[in-house]
Structures are given as structure tokens and as C-alpha cells.
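Engineer: give me coordinates for this.
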Amino acid sequence: MQTMRAWRFESASGRLGLEEVPVPALRPGAVLVRVHATPVLSYMGDVLAGKLTTYRFPSRPFTPGTNGVGTVESIGPEVYQVRAGQRVVLNPHFVVNERTSNPEQILIGLHRIGPDSAPVQDTWPDGSFAEYALMPASVVTPIPGNVAPERLATLGKFAVPYGGLSQIRLQAGETLIVNGATGYFGSAAALLGLAMGAARVIAAGRDAATLGRLANVLGPRGVTVALSGDGTRDTAELREAAGGGADAAIDLVGRATDPGSTLATLRALRRGGRLALMGSMTAPLPLAYGEIMINDLTIVGRFMYPPDALARLAVMATSGILDLGAVDVKPFPLDQLPAALTHAAGMRGLEATVLTM
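Structural biologist: Next comes the predicted model:
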């Protein structure tokens, strides 16, 4: 029996350990991937420590881990397009492929979503913190090029904001505001906005030092605004930076308890502007009915990203449109996950923590 090293987490006891376990057996619709690199999310340590109580885990021990990059080792029955030997990227967002109006969904290796998603999670519990990962074929994307695995592992950092920017149909030549630009996903949104053709990207956040580093990466088409917490002042500064009002905005503030910066971002939009909400704010968002109506504003929520996002981002990276080299990647070997979790918790801006195998 072939074995592998995998991190196993038992939510009931909080135990996390590196174990020698059997390589997963193939089954219909599954792809076995030899993992080369996988990102460690900034909040993964808090998730595993039980500090984020909204996350729901499998009922039995499982392997955490979300996105990743690897090589297809073998394919199971009923897999028709993916081939052994292909280089692939992994997407943890699995949506049941059934003809229903509201198919169940999970984030493999992290969280189940919706009241009836437990059976789906029980079928696909294990993520990418292992030498091999068994994944549904629908979340495995073959990719071209020779970008280093630890770089490709950062595509998930960009895929989340890609979901929001594509949802609000960011157009070439527009002005974009990114609220939460000093965070893990917000910093990627700022760089991605430029790659998608924005004429100006306004990176807004409260960490002045991180904004300064981000400004050096964004170049002349990027503008940074250090938010003060004063809604009127922040709105005025954002509007001034946008030349009178932005065309589009994306909000990626994590775990905010105050809606002030989100409202300032909304009010900095021009008439007809669009706002994508992708953060994790815990406070209510008070919206003025008349203000939204009279200004023809569009507010949309977006969870994750479309199925073709990673393929598109991989092409952008291999062609040089999206510079993954701008991300400061800190690699850790698989057996140093605890150190990687600690490092990831301190990430700011365009930083990434990656496990390599």
C-alpha cells in the first residue's frame, strides 16, 4: 500500500498532526494530484484554533488546505478531459453539478456552506496540506507555462478578487477603488485591477506602511489613500483621488466591526458606479435607499469566483500581464506547517505563505 505524509486535523480535540496515511484511492469523477505547492491563508491558524466559529469542519479527522498546484498522478472513471501528467491548479470551491436552482457547495479542506452541504463535505473532506490530494475533476484546471509552483500557488490570492471584479464587469480605462487594499486579498485586487486594464486604481486602507510598499508596486496608475476613520473625510479623499468619482469598487475588508470604510467607498462612486462586496465584515451595513436609487448605484455580493478564473489568471501570469513576481512568497516545507501558520497570520499586503513538497 502506497503511503504519503499529510497533515490531519481533528476539530473536536483541536489536534493537528503530520501523519503517514494511505494515498487516497481513486473513485469515479476523481483526480489524484501530486501536490507541489499550496498556499496558507492568513486566517488558517485562527480557523484551526476554533476562533472563527462560523467555519464548519468534517465530522471526522481531515486534511486542511485550499488551493494548490501539482501534477496529475492518475484519474478515476468518468473523468474525460484531465490527463495523467498534466500540470494543474486546484480550486477548493466545489459546487454540486446537479440541475437544481441552489446546488450545494463547499470549500474543500476548509468549510461547508449551507445547511445541507454536510454530505458533500463528507464525500470530499480532504484538502491540499499533503503530498497527494484527491479532488473532483471539476475543481482541477490544467495550465500551460513553466511558472514556478510556489508562484502559481499564489493564484488563489488573485482568484478571489477576480470573482468580484468580473462580477461588476470592470472595464479597461475605468477607475477602481479597492477597500481593504492592505489585506491578503485586497492587495491582490489592486494589482489585478491594473492587469485587467483599469486606468487608475485607488488602494485604500489604514496601514500606511503597507500602503507605501503597495504604491511602489502599482506604479503611476496606482494611488493610495490612508483612511482616517472619519467617513466624511475619507469619502472626500477617495473622490478626489478618483478625479471626482470612481467607476467601480471592490470591498475586501476582513472581519471589520465598523462599516465606515465600506460606506465611504460606496459614496466615492460616480453616478452609475458599481460596488462588489467580498469581505467579511461582521457589522450591519446601513444603506440609504434614496442615495442608492438617485445615484443609480449597483451593489452586488460575490462569493468566490467563476470556474474559469484560475485558467484565465494562469494565462495572464504566463503572458506577463499579471506579475506574480510582485508577490513576496515565503516558502515552508510540508513538515513546518505550524511555522507557516504563524508567518501567514502576520502577512500584510502582497505577501504569501506557501507550503512546498
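Engineer: show me what contacts Asp126?
Structural biologist: Taking C-beta atoms under 8 Å, 6 or more residues apart in numbering, we find Asp126 in contact with Ala6, Pro24, Phe62, Thr63, Ile108, Gly109, Ala133, Leu134. For glycine as for every other residue, the C-beta is placed from the backbone atoms N, C-alpha and C.
Engineer: out of the residues you listed, list just those in strands.
Structural biologist: The strands, defined by DSSP state E, take in Ala6, Ala133, Leu134 from the contacts of Asp126.
Engineer: which parts of the stretch 51-200 of the chain are helices?
Structural biologist: Along the stretch 51-200 of the chain, the segments classed as helices by DSSP state H, counting those that start in this stretch run 118-123, 149-152, 155-167, 184-195.
Engineer: helices or strands up against the last one?
Structural biologist: It refers to helix 184-195. The contact analysis (3 or more C-beta pairs under 8 Å, 6 or more residues apart in numbering; DSSP states H and E) places helix 184-195 against helix 155-167, strand 175-179, strand 200-205, helix 208-218.
Engineer: contacts for the shortest one next, please.
Structural biologist: For strand 175-179, contacts defined as C-beta under 8 Å, 6+ apart pick out 161, 165, 170, 186, 189-190, 193, 198-205, 238, 242-243, 246-253, 261-262, 264-265, 268-269, 279.
Engineer: now the ones in strands among the contacts of Asp126 in a markdown table, with neighbour count and distance to Pro119?
Structural biologist: Shown next, in a markdown table, are the ones in strands among the contacts of Asp126 (neighbours: other C-beta atoms under 10 Å; distance: C-beta to C-beta, whole Å):
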| residue | neighbour count | distance to Pro119 |
| --- | --- | --- |
| Ala6 | 27 | 23 |
| Ala133 | 27 | 20 |
| Leu134 | 22 | 17 |
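Engineer: just the closest of these to Gly156, please.
Structural biologist: Ala133 (13.9 Å; C-beta to C-beta).
Engineer: contact partners for that closest one?
Structural biologist: Listed by C-beta under 8 Å, 6+ apart, the contact set of Ala133 reads Pro24, Leu32, Val33, Val35, Thr63, Gly65, Gly68, Gly70, Leu90, Asp126, Gly127.
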